[in-house]
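Participant: What would the 3D arrangement of this be:
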Amino acid sequence: MQRILDLRAHKERQWEMKLGKITGECLTIENEITHRREEISRVRTKPGVAVDQAYRAAVEQYITRLLIEIEELTVKLEQKQKERQKVQEKFLEASRDRKILDSLKEKREQQYRREQNREDMKILDDLAGAQAVRKMAEG
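Facilitator: Residues are numbered from 1 along each chain as shown. Predicted structure coming up:
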């Protein structure tokens with residue numbers, strides 16, 4: 001049973017690593033979105049030549065590009081979060097399977113200890129009984 005438990009624990013660790021990886025990817029995308037939003041705010045508040053039409057047009061094009069990137073990253077993030085949800089379900093399933101076996105192993109160990117204690121008690125009772133018989137025989 002220990003081998004099966006080890007295999008299930010290994011499977012659980014694999015899913016945990018996959019979950020960690022995809023969670024990291026989600027956080028990276030979220031950081032990219034945040035960075036682009038901050039960049040938009042920075043560009044909008046940056047003092048520039050207010051009269052220069054070319055500069056304003058360039059800034060607006062840059063902001064438009066950043067907004068498009070934010071939309072694309074948001075779609076990508078939604079896909080990754082769906083994928084993360086599936087991986088999390090697999091991880092929880094693997095974890096549950098391992099915990100069930102762990103629980104079964106623990107119950108068997110407890111049962112073994114109880115049986116061993118009973119056997120020890122029988123031996124002690126036999127020894128005590130034998131000692132009492134010897135004393136009666138001597139006396």
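Participant: hey, let's count contacts and neighbours off CA atoms from now on
Facilitator: Will do.
Participant: Where does the prediction get shaky in this structure?
Facilitator: Along the chain, segments meeting pLDDT under 70 span 48-51, 139.
Participant: list the contacts for the residue sitting nearest the centre point of it?
Facilitator: A centroid search over the chain (Cα atoms, centre = their mean) returns residue 16, at 4.6 Å, as the residue closest to the centre. Residues near residue 16 by Cα atoms under 8 Å, 6 or more residues apart in numbering: residue 91.
Participant: what's the helix or strand for it?
Facilitator: According to DSSP states H and E, residue 16 maps onto helix 2-45.
Participant: who's in contact with stretch 31-43?
Facilitator: 59, 63, 66, 67, 70, 73, 74.
Participant: Weed out the non-buried ones from the residues you listed.
Facilitator: 59, 63, 66, 67, 70, 73, 74 (16 or more other Cα atoms under 10 Å).
Participant: Pipe the residues you listed into JSON lines and attach distance to residue 11 and secondary structure per row.
Facilitator: Below are the buried ones among the contacts of stretch 31-43 laid out as JSON lines (distance: Cα to Cα, whole Å; DSSP: H, G, I helix; E, B strand; the rest coil):
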{"residue": "59", "distance to residue 11": "51", "secondary structure": "helix"}
{"residue": "63", "distance to residue 11": "46", "secondary structure": "helix"}
{"residue": "66", "distance to residue 11": "41", "secondary structure": "helix"}
{"residue": "67", "distance to residue 11": "41", "secondary structure": "helix"}
{"residue": "70", "distance to residue 11": "36", "secondary structure": "helix"}
{"residue": "73", "distance to residue 11": "31", "secondary structure": "helix"}
{"residue": "74", "distance to residue 11": "31", "secondary structure": "helix"}
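Participant: now, which of those residues sits nearest residue 117?
Facilitator: residue 74 (62.3 Å; Cα to Cα).
Participant: how near is that closest one to residue 6?
Facilitator: 39 Å (Cα to Cα, to the nearest Å).
Participant: same check, this time on residue 126
Facilitator: In terms of Cα to Cα, residue 126 sits 41 Å off from residue 6.
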